[in-house]
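In: return atomic coordinates for the entry below.
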Amino acid sequence: MSTHRIWQGINTKIIALSTIILLLAVSPAFSHCDSEDGPIIPAIRTALDNGEITPLLKWLAADDEAEIKDLFARVRALRTQSDEAKEIADQLFIETFIRVHRASEGAPFTGIKGAGTMPPIFAELDNALESGSVDALADKVANEVRENIVKRFDHAKELSKHQDDTVEAGREFVEAYVTYMHFVEGLHNFLASAAEGHHTPADAGH
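Out: Below you'll find the predicted structure:
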């Protein structure tokens, strides 16, 4: 295998690893699909206005389509009665749709998040898709991953020099050692799992 291909493989792993690091840093629920400025809710509002539900179905499990299609039809009828009915019906549909979507991914529904509350990393990931290039984001995240690994390594390395001086110094080293090992182990396990096509908890939410 050529050196170029080896580095390509390494860079691909770094990009995947880097992305999961940032996702793990944002929030336990990986909130994205339940945000007003995420990819789903604006699409829901458009569908409610134009009556075209098909573009929404990709966000649902096949078993959930019938329930949502039935609710969509009823909401479309209700929202014609008055502005107040439209507002209430739309909110009901949005909350039900997001709840069903998140349940299909094994994630809890904790309410709709307002615009501007979505973690910035998700906007950057969406923007990269829209621009057609992920290079700048990949470089940024890869650098952050490297810095995190090096920081933990350097800390453990420095403390290892005095690990046998006192019990307290030894315990401080062990804490740094365990932190360093588990951090890199977690990244390695994620990459190994992704390579085998297995889902991790981070894959379950957005």
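
In: following element in sequence after whichever strand or helix holds residue 152, please.
Out: Per DSSP states H and E, residue 152 falls inside helix 135-160. The element immediately downstream of helix 135-160 (helix or strand, assigned by DSSP H and E) is helix 167-195.

In: hey, what's the angle from that next one to helix 135-160? Just curious.
Out: Angle of helix 167-195 versus helix 135-160, following axes from the mean of the first three to the mean of the last three C-alpha atoms, to 10 degrees, is 150 degrees.

In: what distance do you get for the residue lying farthest from the centre of the chain to residue 171?
Out: Checked against the mean C-alpha position of the chain, the extreme residue using C-alpha atoms, centre = their mean is residue 165, at a distance of 43.6 Å. Using C-beta to C-beta, to the nearest Å, we find residue 165 at a distance of 11 Å from residue 171. Every residue, glycine included, has its C-beta placed from N, CA and C.

In: now do the contacts for the nearest residue to residue 101 once chain neighbours are set aside.
Out: In space, and not counting its chain neighbours, residue 101 is closest to residue 59: 5.2 Å by C-beta to C-beta, 6 or more residues apart in numbering. Neighbouring residues of residue 59 by C-beta atoms under 8 Å, 6 or more residues apart in numbering: 33, 40, 43, 97, 101.

In: roughly how far does the fourth one sit from residue 162?
Out: Yep, that's residue 97 we're talking about. Taking C-beta to C-beta, one finds residue 97 at 57 Å from residue 162.

In: same thing with the last one?
Out: Per C-beta to C-beta, residue 101 is found 52 Å from residue 162.

In: show me which of these two is the more surrounded one.
Out: More crowded of residue 101 and residue 162, by other C-beta atoms under 10 Å: residue 101, with 21 against 13.

In: is it true that that one touches residue 60?
Out: Yes. The criterion here is C-beta atoms under 8 Å, and residue 101 meets it with residue 60 at 6.2 Å.

In: what's the farthest-apart pair in the contacts of residue 59?
Out: Across the contacts of residue 59, the longest distance by C-beta to C-beta is 11.4 Å; it joins 43 and 101.

In: hmm, back to that, can you pull the pLDDT of the residue nearest to residue 101?
Out: Listed pLDDT for residue 59 reads 92.

In: from residue 181, how far off is it?
Out: With C-beta to C-beta as the criterion, residue 59 and residue 181 are 38 Å apart.

In: so for residue 199, what's the pLDDT?
Out: At residue 199, the model reports a pLDDT of 47.

In: next helix or strand past the helix or strand residue 66 falls within?
Out: Using DSSP H and E, residue 66 maps to helix 65-78. Under the assignment DSSP H and E, the closest C-terminal helix or strand after helix 65-78 is helix 83-104.

In: contacts for that next one?
Out: For helix 83-104, contacts defined as C-beta under 8 Å, 6+ apart pick out 33-34, 40-41, 44-45, 48, 56, 59-61, 64, 67-68, 71-72, 75, 78-80, 108-109, 111-112, 205.

In: and for residue 81, the neighbour number?
Out: 11.

In: quickly note the distance from it to residue 72.
Out: 16 Å.
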